[in-house]
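Asks: Show me the folded form of this:
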Amino acid sequence: MNKKKIIIILVIILVITIALSIITFTGIGTEIRSYLKYKIMVPKEVVSFEEKEHITITYTYQLQNEKFDIDVTNEELIKIIKDNINNKKLENYSGLIGLAVMGTYKVELDENTSFAFDYEDDDGYVMMHHNEKQFLTKIEPKILSKIVAIVDEKLTENIQMFKTEKMTITNKEGKQIEINRKTAIDYLLEQCKDITSEEIIDELNIVAPDYRIKFNDEVEIFKYNQSGQGFLLKNGNLNRAYGLEGFNTFLENAFENLEEKEKMFTADKITITSKDKSMEITDEAVIEKITTPLIYSDIQERDWLENHDITEEYENGIKIKINTCEFLIPGKIGYVTIGNRYIMTEDKKIKLCFPLQDIEKYVNELLGNKQEKTTGPVSIAI
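Replies: Okay, the predicted model is just below:
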């Protein structure tokens, strides 16, 4: 054996030794071993179904038995589903991932095949039903997005009666507030997508509601504290209403120091500052999208905040300067993402703040930041 061949063999042995060392003794190796083990151990299922020119989407209202079907003939969607599922080896995660699926969205492909999911999952997790078997698997996430969009279009049609540019809400004590901010109205209209109603056929004595939500001259909701049930008054006809839970947070926050919060967060200009970027915003629509969820937020004082050092959270976070106060979205520190959100007043007093809805995605988009995914099914344990 010549010298050149010996050198080549020694190099190959060295590379193999290094590779084995990495796989055996390093964190990267642990990940590689886990991935290989996962690929070997996760069983595969083949699903075949009769290809048709239409599929049926069934949407079930949250916490209710009410549902509706949509017959879909969208060729693009049907083709994507066929290409992803029909006669493909699908990974069976049942028993490996702790993900419960209630089946808010169900898609029937033929009489023996369907899949269900509860929300638009970036990973595409669904519960597959084929013949007499069901199992958790993953499909192309954009399939879920398209299905959610189709259902949302139908839900939007269903709530046209609630459409308004101004709302009034009156509580049990007779205090009335007027809602005319577009972001707040859009939020409340979104909650209307969960509402179903039925005709009242029995006699009943209606107790005075905790809130009367007047959408327009034709439609009004009678809402009771923390209850998902109430009444829908439409064109003078009273119906029993369900799915009103979505209004709870808004109603609680709207009647708690609203005047003070409006003064704090109503502005013609705001400044957003991150660790390496700062921008001033004067666009009225953009400002409203950020400030409205704060106006209808829950702001709390806590004793422990008096001695709480947020220096590191502040320096790594995103600050939204509004008038004389700041809203802080703490930054990621090491491997930890801090959960609290704060309001800091001019006198440096710190309070916890729970916005009506998420504004962080929108703020990060304005800053051009990419957000890391922090939610989803638990990791596989093999």
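Asks: Report the contact partners of residue 86.
Replies: Residues near residue 86 by CB atoms under 8 Å, 6 or more residues apart in numbering: 47-49, 51. Where C-beta positions appear, they are placed from N, C-alpha and C, glycine not excepted.
Asks: I'd like to know which of those are part of helices.
Replies: Assigned to helices by DSSP state H, none of the contacts of residue 86 qualify.
Asks: Which of those residues fall within strands?
Replies: residue 47 (DSSP state E).
Asks: and of the contacts of residue 86, the nearest to residue 61?
Replies: Nearest to residue 61 among the contacts of residue 86 is residue 49, at 27.0 Å by CB to CB.
Asks: Verify the stated contact: the closest one with residue 115.
Replies: No - contact criterion CB atoms under 8 Å: residue 49 and residue 115 do not qualify, at 10.4 Å.
Asks: List only those of the contacts of residue 86 flagged as buried.
Replies: Neighbour counting with 16 or more other CB atoms under 10 Å marks 47, 49 as buried within those.
Asks: ok, so of the contacts of residue 86, who is nearest residue 142?
Replies: residue 47 (18.7 Å).
Asks: So that closest one sits against residue 85, correct?
Replies: Yes - if you go by CB under 8 Å, residue 47 and residue 85 touch, sitting 5.6 Å apart.
Asks: Can you pull the residues that touch both of the two?
Replies: residue 128.
Asks: what residues are up against residue 215?
Replies: Contacts of residue 215 (CB under 8 Å, 6+ apart): 161-164, 167, 221.
Asks: mind giving me JSON lines with those residues and columns for secondary structure?
Replies: Below are those laid out as JSON lines (DSSP: H, G, I helix; E, B strand; the rest coil):
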{"residue": "161", "secondary structure": "helix"}
{"residue": "162", "secondary structure": "helix"}
{"residue": "163", "secondary structure": "coil"}
{"residue": "164", "secondary structure": "coil"}
{"residue": "167", "secondary structure": "strand"}
{"residue": "221", "secondary structure": "strand"}
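Asks: Quickly name whichever of the residues you listed is closest to residue 192.
Replies: The closest of those, once distances to residue 192 are taken by CB to CB, is residue 162, at 4.7 Å.
Asks: Neighbours of that closest one, how many?
Replies: Applying other CB atoms under 10 Å, we find 22 residues neighbouring residue 162.
Asks: How about the contacts made by it?
Replies: So residue 162 contacts 189, 192, 215-216, 219 (CB under 8 Å, 6+ apart).
Asks: Test my guess that residue 156 contacts residue 192.
Replies: No - Residue 156 sits out of contact with residue 192 when judged by CB under 8 Å, with a separation of 9.7 Å.
Asks: more neighbours, the two?
Replies: For residue 156 versus residue 192, the count of surrounding residues by other CB under 10 Å is larger for residue 192: 23 against 14.
Asks: before we move on, the earlier item: now list whatever residues contact both of residue 49 and residue 115.
Replies: 85, 109.
Asks: Where do the helices of the stretch 1-150 of the chain begin and end?
Replies: 3-25, 27-41, 75-85, 141-158 (DSSP state H, counting those that start in this stretch).
Asks: Select from the ones you listed the stretch with the lowest mean pLDDT.
Replies: Among the helices of the stretch 1-150 of the chain, helix 27-41 has the lowest mean pLDDT, at a mean of 51.
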